[in-house]
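> Okay, here's the prediction I keep looking at, along with the sequence it came from:
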Amino acid sequence: MGKGATRNCAEALKLKLRAPDTFIDSRFSGATILAYLGRLDEARRWTEIGLAKLAATPGGALAIAEGRVVELLLSNNPWFREEDRDHFAEVGAKQGCPAN
């Protein structure tokens, strides 16, 4: 396992739990961490909360309707390594984020 941003799960989860709604995408990245740790029910709940928050924004509602939430989240977040982007997209899609 690499040392990418999404792979230091224990520390990342501690930070997310301290401020789960800091950014519009915080719930989605938290869901990715939880899913990676095998906490799938929690990950799905975080995804549902994230989708509800995203639906309250014009661009987010459109992305949900068009099934491109993962694409929107990735385009708004400059992940440093391609493998981290791929990991986020894969796990996000599995947790219910609409993705083409």
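Yes, it's here. Residues are numbered from 1 along each chain as shown.
> separation between the residue nearest to the spatial centre of the chain and N76?
Nearest to the centroid of the C-alpha atoms of the chain, with distances taken as Cα atoms, centre = their mean, sits F28, at 2.4 Å. Distance, F28 to N76, using Cβ to Cβ, to the nearest Å: 11 Å. Quick note: C-beta positions are derived from backbone N, CA and C, even for glycine.
> repeat for R45
R45 sits 22 Å away from N76, going by Cβ to Cβ.
> what does G60 give?
Distance from G60 to N76, by Cβ to Cβ: 10 Å.
> try A55
For A55 relative to N76 (Cβ to Cβ), the value is 16 Å.
> Just want to know which of these two has more residues nearby.
Using other Cβ atoms under 10 Å, the more surrounded residue of A55 and N76 is A55, with 15 against 11.
> And for the more buried one, nearest residue in space, chain neighbours not counted?
Leaving aside its sequence neighbours, A55 sits nearest to A61 (Cβ to Cβ, 6 or more residues apart in numbering; 5.1 Å).
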